[in-house]
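sequence isn't available, so here's the structure alone:
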């Protein structure tokens, strides 16, 4: 199936079974052997794939069930990180449904030694999907630009004098990972790239101490493109995508702002095939920035919320797709939830049935719109 013809997609993560979460906690404590944990992960991945297939998805993941959170491609597989005190640069989290303010679930860490490649978790995922996926599958990876949050003055600058040097080191590790993933049969790669927050949300820029917005934007575009080019050099037919959201943890968000400040450069310069863009609430702005998307690229509209159980209306989704098509031709559009259902292991405040209905809605709406 051609890249641009896949109209129903989901971002990546799915809710983990409670048995798996308990086993992972037990494994950390030494009470659950690795073989038992692996068996439960394989079972959860098989369930996740069947859920996607039954719902009508057209590209598959393993639900990211082997990960503690979407940052696992850094935190769990790269050496050189050390425990650190909470940083004032950690984002704040807000939940709309009950007004809750949450603490981040990812353990606080800092770069304390040269970064090195440990165990590439994504390669385990890829080998399993190559054997078990019923159709095209993708591997998701947090962009190496995310490692800037682990660079701490007084801790990391003895190893990497600047954040940019730390990001470059991780990008080098990622390029090796990508080579191995492609050799394992991966033909679809998705970068989850949240470093762009600073350019759309002044509070995120303040929190991350970004003052040179143009220089920051150029650096992260160049870094992401270095990985995209490495993938295409290994396999010119690779599908490469980028997912962009405003935070997703226990149904909470962390940043706000539309795409206008970055649209011309990101849509025009980042060399992906597909942009998966959050568009479920007014926090993401309107569709006008899509006018900068060049021909040949697909925008996957994240119109279905993975944060709330309430099911959207097919009619409302179709109307919003029509609105987006005023700025980008319908043949360059597709549909997805706005983010994963479990960017952290505890997942968002939905049930498995809610998750299934959301995926079915994406597939049904895509069939009605595109045939």
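Right, received. Where do you want to start? Note that the structure is predicted; figures quoted are calculated from it, not measured. Numbers count the residues shown, from 1 in each chain.

for the rest of this, base every contact and every neighbour count on C-alpha atoms.
Noted.

Three-state assignment for residue 310, please.
Three-state secondary structure (criterion: DSSP: H, G, I helix; E, B strand; the rest coil) places residue 310 in coil.

what do you get for residue 300?
strand.

count residues in the vicinity of residue 16, would you?
26 (other CA atoms under 10 Å).

the longest strand that the chain contains - contacts with which helices or strands?
Among the elements of the chain assigned as strand by DSSP state E, the one spanning the most residues is strand 109-117. Under the contact criterion of 3 or more CA pairs under 8 Å, 6 or more residues apart in numbering; DSSP states H and E, the helices and strands touching strand 109-117 comprise strand 78-83, helix 163-183.

make TSV from the ones you listed and add distance to residue 311 and mean neighbour count to it.
TSV is the format used below for the helices and strands packed on strand 109-117 (distance: least, CA to CA, whole Å; neighbours: other CA atoms under 10 Å):
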stretch	distance to residue 311	mean neighbour count
strand 78-83	38	17
helix 163-183	36	19
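
for residue 346, find the nearest of the ones you listed.
For residue 346, the closest of the helices and strands packed on strand 109-117 is strand 78-83, at 21.4 Å, according to CA to CA.

so what touches the closest one?
Judged by CA atoms under 8 Å, 6 or more residues apart in numbering, the contacts made with strand 78-83 from elsewhere in the structure are 75, 107-120, 150.

write the ChimeraX selection for whichever of the residues you listed are buried.
Buried residues within those, as defined by 16 or more other CA atoms under 10 Å, are selected in ChimeraX through the command that follows:
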select :75,108,109,110,111,112,113,114,115,117,120,150
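
would you map the strands across the protein?
Secondary structure of the chain, counting by DSSP E: strands at 78-83, 93-94, 101-102, 109-117, 139-142, 188-192, 239-244, 274-278, 298-304, 333-337.

nearest to residue 257, of these?
strand 274-278 (10.8 Å).

which other helices and strands contact that closest one?
With contacts taken as 3+ CA pairs under 8 Å, 6+ apart, strand 274-278 sits against strand 239-244, strand 298-304.

quick one: mean pLDDT for the longest strand of the chain?
Regarding strand 109-117, the rounded mean pLDDT is 91.

quick one: the residue nearest to residue 255 when sequence neighbours are not counted from residue 13, how far?
Using CA to CA, 6 or more residues apart in numbering and skipping residues adjacent in sequence, the residue nearest residue 255 is residue 246, 4.8 Å away. For residue 246, the distance to residue 13 under the criterion CA to CA, to the nearest Å works out to 16 Å.

who has more neighbours, those two?
Of the pair residue 246 and residue 13, residue 13 is the one with more neighbours under other CA under 10 Å, namely 24 against 21.

so for stretch 184-199, first residue to last residue, what's the gap.
In stretch 184-199, first residue to last residue: 36 Å (CA to CA).

list of residues touching that stretch?
Residues beyond stretch 184-199 that count as contacts (CA under 8 Å, 6+ apart) turn out to be 123, 126-127, 130, 136-143, 145-146, 204-206, 208, 210, 213, 217, 220, 235, 237-246, 255, 261-262.

show me where this protein has helices.
In the chain, the helices defined using DSSP state H lie at 18-29, 34-55, 72-75, 121-132, 163-183, 197-200, 202-207, 213-234, 260-269, 314-324, 352-370.

which one of those helices has the lowest average pLDDT?
The weakest mean pLDDT among the helices of the chain belongs to helix 72-75, with a mean of 73.

identify all contacting residues around that helix.
With contacts defined as CA under 8 Å, 6+ apart, helix 72-75 is touched by 81, 120-122, 141-142, 147.

kindly reformat those as CSV containing distance to residue 36.
As requested, the contacts of helix 72-75 are exported to CSV (distance: CA to CA, whole Å):
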residue, distance to residue 36
81, 27
120, 20
121, 17
122, 20
141, 26
142, 27
147, 31
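
just the buried residues out of those, in PyMOL syntax.
Of these, the buried ones can be selected in PyMOL as follows, counting by 16+ other CA under 10 Å:
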select buried, resi 81+120+121+122+141+142+147
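
ok, the contacts of helix 72-75 vs residue 289, which is closest?
With CA to CA as the yardstick, the closest approach to residue 289 among the contacts of helix 72-75 comes from residue 142, at 23.9 Å.

looking at it, that closest one is touching residue 77, isn't it?
No: with contact defined as CA atoms under 8 Å, residue 142 and residue 77 do not form a contacting pair (11.8 Å).

hmm, residue 335 is touching residue 11, no?
No: taking CA under 8 Å as the contact criterion, residue 335 and residue 11 are not neighbours in contact, 10.3 Å apart.

related to what we said a few turns ago, would you turn the helices of the chain into a markdown table with distance to residue 99?
Compiled in a markdown table, the helices of the chain are given as follows (distance: least, CA to CA, whole Å):
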| stretch | distance to residue 99 |
| --- | --- |
| helix 18-29 | 26 |
| helix 34-55 | 31 |
| helix 72-75 | 28 |
| helix 121-132 | 35 |
| helix 163-183 | 34 |
| helix 197-200 | 22 |
| helix 202-207 | 19 |
| helix 213-234 | 31 |
| helix 260-269 | 27 |
| helix 314-324 | 25 |
| helix 352-370 | 21 |
